[in-house]
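> Sharing a model prediction with you, sequence too.
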Amino acid sequence: MEYYLGIKHLHLTLIGLSGLLFLLRGVLMLKQSAMLQHPVLRISPHIIDTGLLIAGFSLALMAGMKPGAHLWLMAKLIALALYIILGTIAIKRGKTYRTRVIAFIAAIAVFVYMIFVAISKNPMIWA
């Protein structure tokens, strides 16, 4: 448990970086900018998000959490899968501009949902 706080700070930092980078890439997608193809913008999300997942799973393991026993954690994992799918559609897989825009907005909403679930430890943030 001696590393828990450091890993938690790393996790929070990576959440911020991941969110900001997704917003930047989304804005570039909206502008249909060629900068979206820059190697740094194509590779860094994978590095940051891998670190984010490793830190998140490490925290859950260190705290003895299991998704089935903690509904908020299960909700976050399901939301994470949805966020990844929507983000992929928004940035590269959406066939039309409209589809990419809708997926981008939905991905942002899911990202915000995950933050509120993590803070409140409640999967039904609206209740």
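The structure has been received and is ready for your questions. Residues are numbered from 1 along each chain as shown.
> Number of residues surrounding Leu52?
Leu52: 20 surrounding residues under other Cβ atoms under 10 Å. In short, each C-beta sits where N, CA and C put it, glycine included.
> before we move on, what about Met114?
Residues near Met114, counting by other Cβ under 10 Å, number 21.
> Then Gln32?
Neighbour number of Gln32 under other Cβ under 10 Å is 9.
> Likewise for Met124?
Here the number of neighbours of Met124 (other Cβ under 10 Å) works out to 10.
> isn't Leu21 right next to Ile47, touching?
No - contact status for Leu21 versus Ile47: not in contact, 10.3 Å apart, counting by Cβ atoms under 8 Å.
> The two: which has the busier surroundings?
Shown here are Leu21 and Ile47; by other Cβ under 10 Å, Leu21 has more neighbours (16 against 11).
> and the host helix or strand of that one, what other elements does it pack with?
Leu21 is part of helix 4-30, with elements assigned from DSSP states H and E. Contacts defined by 3 or more Cβ pairs under 8 Å, 6 or more residues apart in numbering; DSSP states H and E place helix 4-30 against helix 39-62, helix 97-120.
> Swap in 10 Å and give it another go.
The contact analysis (3 or more Cβ pairs under 10 Å, 6 or more residues apart in numbering; DSSP states H and E) places helix 4-30 against helix 39-62, helix 71-88, helix 97-120.
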